[in-house]
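Novice: sequence below, structure please.
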Amino acid sequence: MRQPSRRAGPFIAALLVLATGHSVSAQDDPPPGRFATPPAGQEAATTGERVSATPAPSRFGAPDPDPAYGAFQRGLFLTARNLALPRAEAGDAAAQTLLAEIYARGLGVAVDFGEARKWYAQAARQGVPEAQLQLALTLLAQEQGSEEARALMKSAADAGHGKAMFNHAQIVLSDRPGASGQRAAFEYFRRAAEAGIADAQYAVAQYYVQGTPPVFFDETEARQWMEKAARQGFDSAQRELGLMLLEGSGGPRDRAAGYLWTARAAHGGNVAAQAQIAKLLWSGIGVAPDDTQAAAWYVVARRAGLRDPVLEDFWLGLSPQMQQEAISRANRLRVR
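Specialist: Numbers count the residues shown, from 1 in each chain. Below you'll find the predicted structure:
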């Protein structure tokens, strides 16, 4: 079975899904521009530095309300750190996890992965799934074969943590290639998908597309899971859902909708979708034909390194004036 997500990446590289929703190594800095880090000792502003997807208190093992979490939720990261620190030192697992999160992301303080790992480790020993996940990711980044990391990931997965379930499934596939591993991994993929993890929804869709045991080939089921992942902005799922709609796989054919999903993937940076939308515009499938716009999308795909023989012939058949206009349009296309 192919890797379920270009963002999740292969387990071999230890690029697993972090709590932030980004698939980066546990040793990497937070994604540029996602959080603004104020100078050490200064309070974070309540705007511009807010966590884009505010975690629930339960993620840190704490019920709501919680003063430290409340400050964190409002973007007052230094206040959250000061409130959490004495509780963390006293053994409060929720405070330890929150404190680790602050240090790992550099929220209101300088990034300090050593401090983050220390507090994640203490909370993980108390059974907090989020802490177990993050510590496992850190250990895997340092040693891919870490048995401690595997045990922590499985513990968090068995506790129902969505991203841990997805990551554990990938570990199972890596450790047990073949039908046995696929069967064991599917249960975790399915549970993670039901928990709303887009990577897992795409993985489950792939199981049904390919008829991978323990499931049978089922395009209807595949399309349903593909749509769930697509609606969360997963560009590979958007492209494949577009193809399903264009071909009428797993449900009614809807070429207009197929074009729109392909366009979303193309604007999201999916190079294969960019080539596909060029062909749809050239052929007028699901959209009014537009050779210049088709060529513009092919220019974008070519810049990303894609070469398609059919589209190459199409491009070479255009007049120099149309090629120039296509390049101009390509420069104005909004692509992530």
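Novice: the stretch 151-300 of the chain: strands as residue ranges?
Specialist: Using DSSP state E, counting those that start in this stretch, no strands are found in the stretch 151-300 of the chain.
Novice: low-confidence bits of the stretch 201-336 of the chain, can you list those?
Specialist: Within the stretch 201-336 of the chain, the set of residues satisfying pLDDT under 70 is empty.
Novice: could I get the full set of helices for the stretch 1-150 of the chain?
Specialist: With DSSP state H, counting those that start in this stretch, the ranges of helices along the stretch 1-150 of the chain come out as 67-73, 77-89, 93-105, 113-125, 129-142, 147-158.
Novice: can I get these in CSV with mean pLDDT, distance to Val209 and mean neighbour count?
Specialist: Quick note: C-beta positions are derived from backbone N, CA and C, even for glycine. CSV is the format used below for the helices of the stretch 1-150 of the chain (pLDDT from 0 to 100; distance: least, CB to CB, whole Å; neighbours: other CB atoms under 10 Å):
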stretch, mean pLDDT, distance to Val209, mean neighbour count
helix 67-73, 90, 39, 21
helix 77-89, 94, 43, 20
helix 93-105, 93, 36, 27
helix 113-125, 94, 36, 21
helix 129-142, 93, 28, 26
helix 147-158, 96, 24, 20
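Novice: what's the nearest residue to Glu240 if we skip its chain neighbours?
Specialist: In this structure, Glu240 finds its nearest non-sequential neighbour in Met226, 5.6 Å apart by CB to CB, 6 or more residues apart in numbering.
Novice: re the thing from before, for Asp218, which of the helices of the stretch 1-150 of the chain is the nearest?
Specialist: Asp218 sits nearest to helix 147-158 of all the helices of the stretch 1-150 of the chain, at 25.0 Å, using CB to CB.
Novice: just want the angle from that closest one to helix 113-125.
Specialist: Angle, helix 147-158 to helix 113-125, by axes from the mean of the first three to the mean of the last three CA atoms, to 10 degrees: 60 degrees.
Novice: elements contacting helix 147-158?
Specialist: Here helix 147-158 touches helix 129-142, helix 162-175, going by 3 or more CB pairs under 8 Å, 6 or more residues apart in numbering; DSSP states H and E.
Novice: CA atoms only for that helix - export them in CSV, please.
Specialist: Below are the C-alpha coordinates for helix 147-158, written out as CSV (Å, rounded to 0.1, in the frame of the first residue of the first chain):
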residue,chain,number,x,y,z
GLU,A,147,11.3,0.7,21.3
GLU,A,148,10.4,3.3,23.9
ALA,A,149,9.0,5.5,21.2
ARG,A,150,6.9,2.7,19.8
ALA,A,151,5.5,1.8,23.2
LEU,A,152,4.6,5.4,23.9
MET,A,153,3.0,5.8,20.5
LYS,A,154,0.9,2.7,21.0
SER,A,155,-0.1,3.8,24.4
ALA,A,156,-1.3,7.1,23.1
ALA,A,157,-3.0,5.4,20.2
ASP,A,158,-4.8,2.9,22.4
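Novice: tell me which residues in the top helix by length along the chain are buried?
Specialist: If you go by DSSP state H, the chain has its longest helix at helix 179-194. Neighbour-count burial for helix 179-194 flags Gly181, Gln182, Ala184, Ala185, Phe186, Tyr188, Phe189, Arg190, Arg191, Ala192, Ala193 (criterion: 16 or more other CB atoms under 10 Å).
Novice: how much does it deviate in direction from helix 147-158?
Specialist: Angle, helix 179-194 to helix 147-158, by the same axes, to 10 degrees: 50 degrees.
Novice: residues making contact with helix 179-194?
Specialist: Here helix 179-194 makes contact (CB atoms under 8 Å, 6 or more residues apart in numbering) with 1, 4, 157, 160, 162-163, 165-166, 168-170, 172-173, 175-176, 199-201, 203-204, 207, 212-215, 225, 228.
Novice: pull out the buried members of the residues you listed.
Specialist: Buried by 16+ other CB under 10 Å: 1, 4, 157, 162-163, 165-166, 168-170, 172-173, 199-201, 203-204, 207, 212, 215, 225, 228, out of these.
Novice: wait, Arg223 touches Arg253, no?
Specialist: No: using CB atoms under 8 Å, Arg223 is not in contact with Arg253; the gap is 11.6 Å.
Novice: who has more neighbours, these two?
Specialist: Arg223 (21 against 12; other CB atoms under 10 Å).
Novice: got the residue ranges for the helices in the stretch 201-336 of the chain?
Specialist: Taking DSSP H, counting those that start in this stretch, the helices of the stretch 201-336 of the chain run over residues 219-230, 235-247, 255-267, 271-283, 291-303, 309-316, 320-332.
Novice: closest to Glu130 out of these?
Specialist: helix 219-230 (22.7 Å).
Novice: re earlier: reformat the helices of the stretch 201-336 of the chain as a markdown table; add distance to Asp66.
Specialist: Formatted as a markdown table, those follow (distance: least, CB to CB, whole Å):
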| stretch | distance to Asp66 |
| --- | --- |
| helix 219-230 | 31 |
| helix 235-247 | 35 |
| helix 255-267 | 38 |
| helix 271-283 | 43 |
| helix 291-303 | 47 |
| helix 309-316 | 55 |
| helix 320-332 | 47 |
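Novice: so what's the backbone phi/psi at Ser146?
Specialist: Dihedral pair for Ser146: phi -60, psi 120, per degrees, to the nearest 10.
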